[in-house]
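# predicted model and sequence follow; I will ask about them next.
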Amino acid sequence: MDLRVRALESVLVDKGYVDPAALDVLIETYETRIGPRNGARVVARAWVDAEYRDWLLSDATAAIAWLGYTGRQSEHMIAVENTLQQHNLVVCTLCSCYPWAVLGLPPTWYKSAPYRSRAVRDPRGVLAEFGVTLPPHTDIRVWDSTAEVRYLVVPMRPSGSEHLGEEELAALVTRDSMIGTGLPRNVEDVDP
Amino acid sequence: MSSGEYVTRADLGGRLGYGPIKFEPEYKAWHADWEPRVFALQLSMGAAGVWNLDMTRSARETLPDYDQRSYYEIWYAALLKQLDERGLVTADELAAGRSIHLPPALPRVVHASDVPTLQAHGAPTERLATKGPRFAVGQRVRTVTGPTPHHTRLPGYAQGKPAVIERVHGVHVFADANASGHGEQPQWLYTVVFRGTDLWPDAEQGLTVSIDAWEPYLEAA
């Protein structure tokens, strides 16, 4: 693949269709500026600020943009909150739709057949594979991202985290907890 | 468009037999050096105004060997297919690794200085409404049934099923039309929610599944 991709890039550059400097900037953007830490800051903010949480749940696109995260594959955002009654899980069964501005590029499993096929049918089994066991009375809601709306899960704030500041809270928020395939880290993991 | 039946190989929801999920750590963007190059080539060409994202999704899902390819191999193959279909790159050029034929001009070329703005704006799909929505929150509907002879975002598992309107998202570019080169034809977009037991014989009680459905996917129930 290496050689074939290099040949394609050479042809496109030679034709003036792509600017190699633009390619580098695009790659660097997704390697350094856009990733799941953005989403973690959104979640942490919602945990400490009830007014922000309400805004996030009613107009996620604006509330997320207010923290500086906008753009490609996150133009129309919805935030969904986990509760004891309902756990949310996000999938794209048709391709790989994912909220890039807050989570970065999706992990390979999110784009692959095993997850895409089973998440809508046996989500509790999928969660078990991720090592997540929900209380039996917690219902599961699966969001299949079939249009240009992108979903961010707001996980439940871990118990015992009352004394933590926003930055420490953000460190508890994992990528998977914002997809719904994981839970936040335990407080002891960052606050021994 | 080529003639013949439209076959998507990407409609995976509910299918069985794909095996276990392979996990990976949070910060693993690429798995080979060529992957970020394909990623950036696709994003750059995707913003050149020659094709739209729905056409790209269609090009990917119709690859005959879709399920044999890794994710960025799918991107690469679909990018080549789109370039080839429009005569922008030819096989002899790929073999030579340079331009041989006089290139048709593109509507735009993405330069490094364009990236921050492109990135910050993305490509919103919401459009101005010219009429009101047909359905309201809480209304019972039924999804239409296939087969669909073109790109669609109504998954097979969600066709011909009862659902309830949960959210109204406004009017959005209609993927089915946009992918086929028939223009944006914006339509009202809804989140509709299904009971798991209406979708799967083996669903657990309490499971609900939603999709985002454009109005043409829905009928009053």
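On my side now, so go ahead.

# what about residue 132, neighbour count?
Just so you know, I chose chain A. For A:Val132, the neighbour count with other CB atoms under 10 Å in any protein chain shown is 17. Backbone N, C-alpha and C define where each C-beta goes, glycine included.

# wait, chain B was what I had in mind.
B:Gly132: 7 surrounding residues under other CB under 10 Å.

# sec struct for it, please.
coil (DSSP: H, G, I helix; E, B strand; the rest coil).

# would you mark the buried spots in stretch B:122-134?
Residues B:122, B:125-126, B:133-134 are the ones in stretch B:122-134 that count as buried (16 or more other CB atoms under 10 Å in any protein chain shown).

# pull the residues that contact the helix or strand hosting B:Ile165.
Under the criterion of DSSP states H and E, B:Ile165 resides in strand B:162-172. Contact with strand B:162-172 is made by A:76, A:78, A:147-149, B:125-130, B:133, B:135-143, B:186-195, B:198, B:210, B:212-214, B:218, B:221, as judged by CB atoms under 8 Å, 6 or more residues apart in numbering or on different chains.

# over to stretch A:185-192?
Outside stretch A:185-192, the residues touching it (CB under 8 Å, 6+ apart) are A:158-161, A:164, A:168, A:171-174.

# just the ones in strands from these, please.
The members of the contacts of stretch A:185-192 all map outside strands under DSSP state E.

# need the residues you listed in CSV (columns: distance to B:Ser44, pLDDT and neighbour count).
Below are the contacts of stretch A:185-192 laid out as CSV (distance: CB to CB, whole Å; pLDDT from 0 to 100; neighbours: other CB atoms under 10 Å in any protein chain shown):
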residue, distance to B:Ser44, pLDDT, neighbour count
A:Pro158, 41, 96, 21
A:Ser159, 46, 94, 8
A:Gly160, 47, 95, 11
A:Ser161, 42, 96, 19
A:Leu164, 41, 95, 20
A:Glu168, 39, 95, 14
A:Ala171, 34, 96, 16
A:Leu172, 37, 97, 24
A:Val173, 32, 98, 26
A:Thr174, 31, 97, 19
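
# picking up where we left off before, mind putting the buried residues of stretch B:122-134 into CSV with pLDDT?
Shown next, in CSV, are these (pLDDT from 0 to 100):
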residue, pLDDT
B:Gly122, 93
B:Thr125, 97
B:Glu126, 96
B:Pro133, 98
B:Arg134, 98
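
# please identify which pair of those residues lies farthest apart.
B:Gly122 and B:Arg134 (27.8 Å; CB to CB).

# if we can go back for a sec, which strands and helices sit next to the helix or strand following the strand holding B:Ile165?
Downstream of strand B:162-172, the first helix or strand assigned by DSSP H and E is helix B:175-179. Contact here means 3 or more CB pairs under 8 Å, 6 or more residues apart in numbering or on different chains; DSSP states H and E; on that basis helix B:175-179 packs against helix B:53-61.

# so which of the buried residues of stretch B:122-134 reach chain A?
Under the cut-off given by CB under 8 Å from any CB of the partner chain, chain A has B:122, B:125-126 from the buried residues of stretch B:122-134 close to it.

# looking at the residues you listed, which is nearest B:Gly17?
Among those, and counting by CB to CB, the member closest to B:Gly17 is B:Thr125, at 33.9 Å.

# who are the contact partners of A:Leu134?
A:Leu134 makes contact with A:87, A:124, A:127, A:140 under the criterion CB under 8 Å, 6+ apart.

# of the residues you listed, which belong to helices?
Among the contacts of A:Leu134, the subset assigned to helices under DSSP state H consists of A:124, A:127.
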